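structure for this input, please:
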Amino acid sequence: NAGFNQVPEESVARVLTYLTSVPSQHESDTKFILILDRRLDTWTSVKTTLQKIAASFPGNLHLVMVLRPTGFFQRTFTDIGFRFSQEDFLLKLPVVMLSSVSDLLTYIEEQQLTPELGGTLEYCHSEWVIFRTAIESFALTVKDIAQMLQCFGTELAEAELPEDMFCTPAQGMAGMAPDRGSTASSRYGSDRVLPVLSISACPLFANCPNLVLFLCPRLLGQLREMETAFDGFWEKHQLKMEQYLQLWKFEQSFQEVKSAIEFLMGQQAELPDTGDSVPQVKQRLKELEHLDGKAQVVILHGHQLAANHHYALNLICQQCNELRHHCDLLAEHGKRKQLRLQRTLELHTRLQQALQCCDEGAYLLANQQMDKCQSKEGAQKALQDIERFLESSSSYLNYDPQALQGQLQAVQGKLDSVRSMFESRQCCFRRLLDKHVRPVQLVAPRPETPPRAKSPLFSPKHGKTSCTYDFQLWALFHWQGYRAEMDNPAMLILLPPVLRNRKDVLFGNMPEIYDFHNKIFLHSLESCLGAPERVGCCFLDRREDFQMYEKYCQNKPRSESLWRQCSESSFFQECQRKLEHKLGLDSYLLKPVQRLTKYQLLLKELLKYSTSCDGVQELQEALVAMLDLLKSVNDSMHQISITGYDGDLSELGKVLMQGSFSVWAGHRKGPTKMKDLARFKPMQRHLFLYEKALVFCKKREEHGDGYDKTSSYSFKHFLKMNAVGITENVKGDHRKFEIWYSGREEVYVVQAQTVDLKMAWLNEIRKILFKQQELIKGTFAQFLCGFHSAAEAFLLAHC
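Numbers count the residues shown, from 1 in each chain. Here you go, the predicted structure:
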């Protein structure tokens, strides 16, 4: 076309982009060859065309073949112009100038060329446009079907299950309609693709099989995959609906069975345990058997329900266990009541038989005719009748009521013994409640009674636990004398100025600790003298109260600093003289810290003597709790040494872990500093893991002399835990793990001293991240609930 150079460059670019995109969808490495038929054109037009192609061709251009103009002058101009411009074209385009059509056959087979170019390929551009339009239309249809199936699947997945059983089948049938609709859509797509499939009959596409053999089957394959995937989804959804229906029926049956069992238990409770006569007892036994028969039918139904685990297995198992529990209670109550009624029936039967025996004996004696007994034969016959009666009724006539009386006395003796035990224990508890605080002197241990000596938790060492504890409490009480003297007006003249109005700093929460031990924990330990296996429960029940030690230890550095400033003052020397104390106040202020470390030693010692007895698990849990308390106190003591943090560290939550690590830092964004590139040596950082943040500090060397020698931690930066992620394994060292922040904008490689320490930190970080995830889920659920409520209110207000 001689007017090609008149076509706008944008149109040329769009056409070339479209043509190169057709094979590129399935062949990424396709190379293109362009044939320019410029035989009736001029060199100027040829040059312009090549420039447009060089500027607009978007694909991988392998070769450009130009049939140069055939006119004498234009051919000469073309040869000269191409010779002088060849280097410019070759830098941009691989151009080959051809003199005639026959030269094309040296590069391209004739089956790939149309008749105008000396080939045999039959090509009709209008047909090609129709075929491309059909293929693209079918591709859009496949895309629409995919979107429709995705929307429908999402709608089904997010739909709430109905609460009414009769809605479920209807909903299932409603869901079947879209399934048939999707099948119809698939068939509609197949109908639309039939014209495309007829492309294979075209001679043009017979020589270009990639379009038909790849593109159309690929779209059909996508459609079949979508149909297969949706069929699988629908089968799962249908199974879910069927199982939900089964679950609903199961819950209905469960409620019916539960109501029936409760009704039977009510009827059974109304049935008396005794009766006034044998017929009455027999009638009640018959009623009980009838109730038991009905209960067995209900129990069998419950077991059948328990065996059919289809959907919501945990809920079904829970309800089945509840049903079995009710059935067992019903059976147990029925057996007990039947046993009592059997005994009552036996008693009434024996009484009735005894009365009947008496009546028969009296009747026998009354009917004997004494005149006939005057003869030897008559007397012998009457004697035989009496002996026969006595023999048959010996079990009644010779019954000794002392046997029954002995049984009653045995029961009465047992009742008296139990009553005496309860009264003795009651008096013991009352004495403990009335006991006053007084110094307890250590005495020689008395030999224990054999029952207590048999307890594996009891040993002579542990038998004095309560007394020793009480004595130490009395030693702990000594600090109160100093506190009282600080309020004594006569001693104010000796009180150092630095100590005035600072009792809370010097003593901390010592009053709280003393009241807890003296009024609560000591009594709990004393109650375990008769049952030492309950010591573990004493610690577990008061686990939260022991947190007061952490507060005391955090104040201890301030208290020691204040004590060192005034320990040599005449005030404390006079107090020690008046109170007759051998030790100074600092010894008594150290008692809570010493006691905190002794708890776990006491529990370990108890566990040594309790390998096979009750209470071992509670002792083990108490030991773990005390060790955790020690760790928490140690971590908090390190926390108070942090300096340079602009804020309140308590807002970050509780300190979970702390320790020193080697840290490599990296940043994804921003300019890279040379010192960062050269930093192969790790930084030494002390990390504090809080519930809400991970704090990086630099440990400063200990400074000061003597008691003033302490360590401090300079705050560097912190990472919020809601933006933290971890990578557990890093190449090169098993002790390393990775902490990244804000989508890996900041990455820190952390090396622990041991693998166990690394795993301990990873476990704690995972717990924090899991709690945050659960909190986010809960917040999102509340948001959805509030959104639905607001939407309902809005609809009600506008309807």
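
report the beta-bridge partners for the closest residue to V730 other than its chain neighbours.
Residue nearest to V730 in three dimensions, not counting chain neighbours: K736, with 4.0 Å by CB to CB, 6 or more residues apart in numbering. Any C-beta I mention is one placed from the backbone N, CA and C, and that applies to glycine too. Beta-bridge pairing of K736 under DSSP bridges involves Q751.

so who does K736 touch?
N729, V730, V749, V750, Q751, A752, K758 (CB atoms under 8 Å, 6 or more residues apart in numbering).

could those go into TSV alongside pLDDT?
Output for the contacts of K736, formatted as TSV (pLDDT from 0 to 100):
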residue	pLDDT
N729	89
V730	88
V749	93
V750	94
Q751	94
A752	94
K758	93
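
would a markdown table of those residues with neighbour count and distance to V257 be doable?
A markdown table is the format used below for those (neighbours: other CB atoms under 10 Å; distance: CB to CB, whole Å):
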| residue | neighbour count | distance to V257 |
| --- | --- | --- |
| N729 | 12 | 53 |
| V730 | 15 | 58 |
| V749 | 20 | 61 |
| V750 | 23 | 58 |
| Q751 | 17 | 62 |
| A752 | 22 | 57 |
| K758 | 21 | 54 |
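
next one: phi and psi at L656?
Note on L656: its backbone torsions stand at phi -90, psi -40 [degrees, to the nearest 10].

next, the closest residue to it other than its chain neighbours: secondary structure please.
Of all residues not flanking L656 in the chain, L689 sits nearest, at 4.8 Å (CB to CB, 6+ apart). For L689, the assignment made with DSSP: H, G, I helix; E, B strand; the rest coil gives strand.

tally up the residues packed near L689, please.
Using other CB atoms under 10 Å, L689 has 21 other residues around it.

list the contacts of I520.
Applying CB under 8 Å, 6+ apart, we find I520 in contact with R542, D545.

quick one: it from C538, how far?
With the distance defined as CB to CB, to the nearest Å, I520 ends up 10 Å from C538.

and which of the contacts of K736 is nearest P592?
Of all the contacts of K736, P592 sits closest to A752, with 32.5 Å by CB to CB.

now that closest one: phi and psi?
phi -80, psi 170.

what does E691 give?
phi -70, psi -30.

try the one 4 residues further on
For V695, the backbone dihedrals are phi -100, psi 130 (criterion: degrees, to the nearest 10).

now do the one 3 residues further on
In terms of degrees, to the nearest 10, the main-chain angles of K698 are phi -110, psi 130.

who does the closest residue to it other than its chain neighbours bridge with?
In this structure, K698 finds its nearest non-sequential neighbour in S714, 4.7 Å apart by CB to CB, 6+ apart. For S714, the beta-bridge partners are T643, K698 (DSSP bridges).

can you report how many residues lie near S714?
The number of residues packed near S714 is 15, by other CB under 10 Å.

what sits against it?
So S714 contacts T643, G644, C697, K698, K699, R700 (CB under 8 Å, 6+ apart).

tell me where the model's unsure across the stretch 601-750 of the chain.
668-680, 702-710 (pLDDT under 70).

next one: the stretch 51-200 of the chain
When residues are selected by pLDDT under 70, those of the stretch 51-200 of the chain lie in 71-75, 77-92, 161-200.

show me what I726 is bridged to.
With DSSP bridges as the rule, I726 is bridged to I739.

list buried residues within the contacts of S714.
C697 (16 or more other CB atoms under 10 Å).

using JSON lines, please lay out the contacts of S714 together with distance to L149.
Below are those laid out as JSON lines (distance: CB to CB, whole Å):
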{"residue": "T643", "distance to L149": "62"}
{"residue": "G644", "distance to L149": "59"}
{"residue": "C697", "distance to L149": "56"}
{"residue": "K698", "distance to L149": "58"}
{"residue": "K699", "distance to L149": "61"}
{"residue": "R700", "distance to L149": "65"}
